[in-house]
Structure formats: C-alpha cells, structure tokens
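> Give me a model of this one.
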Amino acid sequence: MLLNYSVFIGSLSTYTSSMLQQRQAVSEPRAVAVALTAFAALAVAMGIGRFAFTPLLPMMQKDFGVSVAQGGWLASANYFGYLVGAISAIALPARHVRAIRAGLLVIGISTLGMAFDHGFWWWLTLRALGGVASAWVLVLVSSWALERLSMLGRPQLGGAVYAGVGTGIVVTGVACLALTALGAGSANAWLTLGFVALVATALTWQAIEPTDGVQGASKSEQEKARWTSEYWRLVLCYGAFGFGYIIPATFLPVMAKEVISDPMIFGWAWPVFGAAAVASTLLAARAATFLSHRSVWILAGLAMALGVVFPLGVPALGGILVAALFVGGTFMVITMAGMQEARRVAGAQARPLMAAMTSSFALGQILGPLCVTYLVKASGGFGVALVLASMLLALSALVLRAASGARGIADG
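Modelled structure (predicted):
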C-alpha cells in the first residue's frame, strides 16, 4: 500500500509539474506581447507626446525665433495638461482601454498640429492636449501592464515596459538630428514624429485589451486605500523628482547649444539622454532581485542630484553629456521604481496612488520651467536653477531613506 501511495504521489507531482510547464509556455508569449504593447505605448506617450519638444526647441528657436521664456511657457503648458490628465485618470473606469487608445490618438494628432504656425496660443493648446493624453497613457498603461504581467507570472518584464520611454526619446532625438542634417526645419520634424505616433497607435490598437477577471476592490481593499503618511510621502517625493529632473530634461539641448553652436554636435545630448534611459531601466529591473523598489528610487535620486549640477563643475559639452547620462539614466528608473513602489504599498488600489503621484510630479514640472524662466532672467544663467533642483532631489532621497531606515534599505 505504501508503494501504491508513493507511486500516486510521484504521478501527481509529475502531472502538476507538467501542467505548470504548459501554463508557463502558454503565458510566456502573452506576457511578451503585453510588454511589447506597453513598450510601444509609452514610447509614443513619453518619447513623443512629452519629450519631442526638448530636441525640437532649438529648431523652433531657429525657425520661429522662440525665446527661452516662450519655451518655458510651452513646456509648462504640456506639464499643466499632464497634471490635468493625471488627476482625471483617478476617476477613469477600471477597464480603461478606450482612454489609452484615445490618449495615443490625441498625441499623434496634436504632434502633427505643431507643424502649423497658427500663433503661440495654438502651440500652447496643442502642448496642453498632448500633456493630458500623455498622463492618461502613462498612468493607465502602467496599471494595465504591471497588473497583467503579475497575473502572467512575469513581473520582471516591467523593465522592458519602461524602456519604451527611453527608446522613444532616442528615436525622437535621432530623427531631429537626421532632419537637421537634411536641412529640414522643425515643421517637418513635427510632421514626421506625428506620423510615427499614429502608425504606432494603429499597430497597438487591438493589442491593448482589458485585464481578464478584474473585479472591483473588496471592502477590505478599500479600507487599505485610506491615505496614510506613507502615501503622502511617496506623493511629495515624486513631486520633488518632477521638479528636479525637468530642468535638465527640458533645457539640456539649449544648454548644450550655448556651449557649442553646431547642431550636429550639441544635438547628440538628447539621444544620449534617451539611450541612458533605455539601459538603466533594464538594469534596474535586474537590480530589483536584490534591492527593494524604494532602494532603487533612493539611489537613482542621489545619482540624478549629482548629474543635475555636473555642468556647473564641468562647463563644457563633456559636462552636459555626463549630465545627460546621469539624468537620462535615472529619470525612468525613478518612474519605474515609483510606480512599482505604489503598487507594493497600495496593492489593489494602486491606480489612484499612481495617479496622485503623477499629479504631484506634473505640478513639480510646471513649477520647474517657470522657475527657470525667472532665475535665468535674474541670474543670467542656469546655475541657480540647477542647484535648487539638485537640492530638492537629494532631500527627497533622504526623506525616503529615513522612512525606510527602520526596515533597512534592502527591505521592501
């Protein structure tokens, strides 16, 4: 009888192992498809909808005489739209496929519209609409992709998802360099990027589908969603990150242009920024096996604080490229770690926390360019603004570290 029992247990174990292998074999392609779809969506939303303006600002300065002050207002219009989009994302329904699709479509159309000079208010409106759509896509795709990857047993593919942002930035920067080399102006660049955004939207349209079996939160989950000091800590620190990184993220090519006038040289600052974002998100995903998401956020924040002020110590193109590596190599790491930390802290109610953090981030981004506009006029350079940004980044890292100190930096 014991022999029969052992045979039964062995057969059951073999059957269970076989079923698990079959399930993994089925879920693997689905997980990869989810990661690739989210990758493409974030490349459009952030690489084009949010950050195409950065490498295009020097081109618009040349073509239309856009000043640094006007550039600051155009950037802030996008960030204000981003704030509105992040706040409204809290109220969107759980099955938010239509909102993601609508966001991607608006990004493509508003990008195309920037090619036409119908006045400064036209550009302000389009940049604001692009900001609203970008926030929708970032918050909702983050929630959708991280949830699906977790259900499919492949949460580590989150790094590939957020690598889409850096890839979009690289594509945008290289496209601007290529168009500049061909003698094309900013209008042609906006048209090209708008077309790319619409093509990517068409390719991902059907792949963005509702998460299977998602139900409303239970009463116990709703109770856990009550706002605590930990929630507010994440929101405020994420806002400081928005203020700290946006100054170099918006004005890095302009700063490079002040050092060297050749656009085929200073124009490489932005592709370097994006390439660093791609590599860093993939590396950070691996680091998550031995570091907590909060630890990754803290370390990346300190590295960014150093990178932001690096051009002050090395006032040459080399210093700006190092800043591009440090800031580009950390801003998406913090975004990814922040969203993952929100999911860890809030569980099933992560989406409202993600949206609140993104709202705070957007508010920091609105204040950043406006501060630059004032401080550049008052001091004649970017130095004071960069120091202020670096201090806020370092302070937010210390606040996060103090909160996790009782558990140890690797807890989480």
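> Tell me where the model's unsure across the protein.
1-27, 92-95, 210-227, 249-267, 269-270, 348, 403-412 (pLDDT under 70).
> Can you tell me the closest non-neighbouring residue to S142?
Nearest residue to S142, sequence neighbours excluded (C-beta to C-beta, 6 or more residues apart in numbering): M339, at 4.8 Å. Any C-beta I mention is one placed from the backbone N, CA and C, and that applies to glycine too.
> Which helix or strand contains that neighbour?
Secondary structure here is read from DSSP states H and E; on that basis M339 sits in helix 317-346.
> A285 now?
With the criterion set as DSSP H and E, the secondary-structure element containing A285 is helix 269-287.
> now that helix, how far from the chain's geometric center?
Using C-alpha atoms, centre = their mean, to the nearest Å, the distance from the centre of helix 269-287 to the centre of the chain it belongs to is 11 Å.
> tell me which residues in the helix or strand that it is followed by are buried?
Heading C-terminal from helix 269-287, the first helix or strand you meet, by DSSP H and E, is helix 293-313. Residues of helix 293-313 classed as buried: 293-312 (neighbour count, 16 or more other C-beta atoms under 10 Å).
> Can you list the neighbours in contact with stretch 322-336?
Judged by C-beta atoms under 8 Å, 6 or more residues apart in numbering, the contacts made with stretch 322-336 from elsewhere in the structure are 158-159, 161-163, 165-166, 169, 241, 245, 248-249, 252, 269-270, 272-277, 279-281, 284-285, 296-297, 300-301, 303-304, 306-308, 310-311, 314.
> G364 contacts V235, doesn't it?
No. With contact defined as C-beta atoms under 8 Å, G364 does not reach V235; the gap is 10.7 Å.
> Neighbour count for the two, which is higher?
Taking neighbours as other C-beta atoms under 10 Å, G364 and V235 compare with G364 leading, 23 against 20.
> What strand or helix carries the more buried one?
Per DSSP H and E: helix 350-379 holds G364.
> helices and strands around that helix, which ones?
Counting by 3 or more C-beta pairs under 8 Å, 6 or more residues apart in numbering; DSSP states H and E, the packing neighbours recorded for helix 350-379 are helix 68-89, helix 120-151, helix 229-259, helix 317-346, helix 383-404.
> So which of the ones you listed is nearest H96?
Nearest to H96, of all those, is helix 120-151, at 4.6 Å by C-beta to C-beta.
> elements contacting that closest one?
Judged by 3+ C-beta pairs under 8 Å, 6+ apart, helix 120-151 is in contact with helix 2-42, helix 68-89, helix 97-113, helix 158-181, helix 317-346, helix 350-379.
> Next one: V161 from V387, what distance?
In this view, V161 and V387 are 34 Å apart by C-beta to C-beta, to the nearest Å.
> Compare those two (neighbour count), which wins?
Here V161 and V387 are compared on neighbour count by other C-beta under 10 Å; more neighbours surround V161, at 27 against 14.
> Pull out the buried positions in stretch 83-101.
Residues of stretch 83-101 classed as buried: 83-89, 92, 96, 99-101 (neighbour count, 16+ other C-beta under 10 Å).
> Let me fix that, I meant to ask about stretch 318-325.
319-325.
> Surely M46 touches L138?
Yes. M46 is in contact with L138 according to C-beta under 8 Å; the separation is 6.5 Å.
> what number of residues lie near V384?
Counted with other C-beta under 10 Å, V384 comes out at 17.
> Hmm, it is touching Y374, no?
No. Contact status for V384 versus Y374: not in contact, 9.7 Å apart, counting by C-beta under 8 Å.
> so what's A52 up against?
For A52, the set of contacting residues under the criterion of C-beta under 8 Å, 6+ apart consists of 111, 172, 189-190, 193.
> can I get the residues you listed in a markdown table with neighbour count?
What follows is these, written out as a markdown table (neighbours: other C-beta atoms under 10 Å):
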| residue | neighbour count |
| --- | --- |
| T111 | 27 |
| T172 | 28 |
| A189 | 25 |
| W190 | 24 |
| L193 | 29 |
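> any chance of those residues in CSV, plus distance to L393?
Putting those into CSV (distance: C-beta to C-beta, whole Å) gives the following:
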residue, distance to L393
T111, 30
T172, 24
A189, 31
W190, 31
L193, 29
